[in-house]
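Chemist: Sequence first, predicted coordinates after that:
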Amino acid sequence: MTSRRILALFCGLLITISGLSAYAQNSKQSYETMRLIRREKMDLILPGAMRDNNVDMWIHVVQSANKDPLALDLGGWFEYRAWDPIGYYIFTDRGGEGIERIILGGEDEEGLYDISGSGMELLRLVEERDPQVIAVNMSTSLPIANGLSHTAYLSMTDALGEKYSKRIVSAEKVITDFRVRRVQSEIVAFSNALEIQRQIMEAALRRIKPGITTPEDVGWWAADQLLAQGIGPSYQAATLFLPYRPNGATNGVYQPGAFISWDMGIGYLNFGTDIKRNAYILRDGEEDLPEGLKLAWTRGMAAREILRKTFKVGRTAGESLEAIVVALEAADYVHTPSDDRTSQYRDLVRALGDDRRSGFSIDFHATGNTSVGDATAGPSMAAWRSATANIMVQPNYIFALEFELNTWIPEWDRRIGINFEDNAIVTNLGVEYLSPINEDIIIIR
């Protein structure tokens, strides 16, 4: 073997080792970040989440080898314990500053829990504490609070007996408050995820070549950039890791004159993002956006600022939506709500026709731990999200500031809808964005 080849192999080995070291550091950093978040949530958030909902014991039931929706929130290890198939997280308010934490039927590798033991000890521990209200992870409206299977429920109630089974209520309110009340380490981690996504999305759109690039080209390129950083989509489609693809293509490729909208989310640690970006491909002879499209975008920016100033803590989701509608209508926008079930939105948009005013539809939805508002906890504001109308907007609530504006474009002789979406947090000071927001339509030449 020549010295040159030996040197090349040695350099390649160094690069490989360096890459493995970087991945190891990323893995260690991710683990330590989640451990910090878990500990701070249990120390700082859990007491209020239980006491504000008058719950003195929360039992979260899990099954071995079946990943629970709150697995990353609660830690512990319940995999492959055939000898102890039903496990329990038990949180008890026994007075004092914190909440007692118990794990039964699992392993506590992080030292998060005060007591650990077998699932067979459930009744003894409950009898010793004699809780009056026992919140359990079952819910008809909140998927993440409904991880309790029928067989696990039967096992738990059989162990508890009639006396304590009668004290069971849904844990959905406790879980909602535990999720939506944020610690600073969560906010930092979520913001980092957003910035990674933003940079990749904008770079991907700028790579589009008119007449050549397909939606799949853009989606797979972005997915590869994320994968290189150990990041996947915020939720998987029916096909494994099917990438998020921008719309706006004609006959499979992006053509001059296309207005492109891209809705995308990434999964990082225990978080899921959900933002949009837009682009326009100039036609031959065009040097800038069509004037009608410029006007539509400018109105969207103005509407977003009204929304930012209107949305506040201390109102329910229903009250928030009402305040938003009043504020935008006062600024001469027309409410064209979507109920997401019928043709209501299309009918209202069609009725506006060439009216120079812009119509709007609101969809402020909870995000943070998943990108899908129906699957995560917290208040969501939309005509078709009435199930969360009574939930209060609390400080440090992370949400998608999402709305659609439909505007008449004279050059195109039709109305178009532009969907705006960035992720934000609302504090006692007002709405704050968690990464640079979508300020401009990306122009592709």
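Modeler: Cool, got the structure.
Chemist: The stretch 151-300 of the chain: helices as residue ranges?
Modeler: Under the criterion DSSP state H, counting those that start in this stretch, the stretch 151-300 of the chain carries helices at the ranges 172-180, 184-206, 215-227, 291-310.
Chemist: what sits up against the second one?
Modeler: Counting contacts by Cβ atoms under 8 Å, 6 or more residues apart in numbering, the residues outside helix 184-206 that touch it are 33, 36-37, 40-41, 218, 221-222, 225-226, 229, 231, 246, 260, 262, 264-266, 268-269, 271, 273, 275, 277, 279, 368, 396, 398, 423, 425, 434-436, 442, 444. (Each C-beta comes from the backbone N, C-alpha and C, glycine too.)
Chemist: coming back round to it: could you say which of the helices of the stretch 151-300 of the chain is packed most deeply?
Modeler: helix 172-180 (a mean of 24; mean count of other Cβ atoms under 10 Å).
Chemist: Okay, angle between that one and helix 184-206 too, please.
Modeler: Angle between the axes of helix 172-180 and helix 184-206 is 70 degrees (criterion: axes from the mean of the first three to the mean of the last three Cα atoms, to 10 degrees).
Chemist: Relative to the whole chain's centre, how far out is helix 172-180?
Modeler: Put simply, helix 172-180 sits 15 Å off its chain's centre (Cα atoms, centre = their mean, to the nearest Å).
Chemist: now for it, which elements pack on it?
Modeler: In terms of contacts (3 or more Cβ pairs under 8 Å, 6 or more residues apart in numbering; DSSP states H and E), helix 172-180 is packed against helix 46-51.
Chemist: re earlier: for ChimeraX, write a command that selects the buried ones of the contacts of helix 184-206.
Modeler: For the buried members of the contacts of helix 184-206, the matching ChimeraX selection, counting by 16 or more other Cβ atoms under 10 Å, is:
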select :33,37,40,41,218,221,222,225,226,231,246,260,262,264,265,266,268,269,271,273,275,277,279,368,396,398,423,425,434,435,442,444
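Chemist: Strands - which of the contacts of helix 184-206 land there?
Modeler: Among the contacts of helix 184-206, the members found in strands (DSSP state E) are 260, 262, 264, 266, 268, 271, 275, 277, 279, 398, 423, 425, 442, 444.
Chemist: want to try TSV for those residues, with pLDDT as columns?
Modeler: Converted to TSV, these look like this (pLDDT from 0 to 100):
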residue	pLDDT
I260	98
W262	96
M264	92
I266	90
Y268	89
F271	91
I275	95
R277	97
A279	98
I398	95
N423	96
I425	97
I442	98
I444	97
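Chemist: Name the nearest of these relative to A49.
Modeler: Nearest to A49 out of these is I398 (Cβ to Cβ; 16.0 Å).
Chemist: Just the element for I416, please.
Modeler: According to DSSP states H and E, I416 maps onto strand 414-427.
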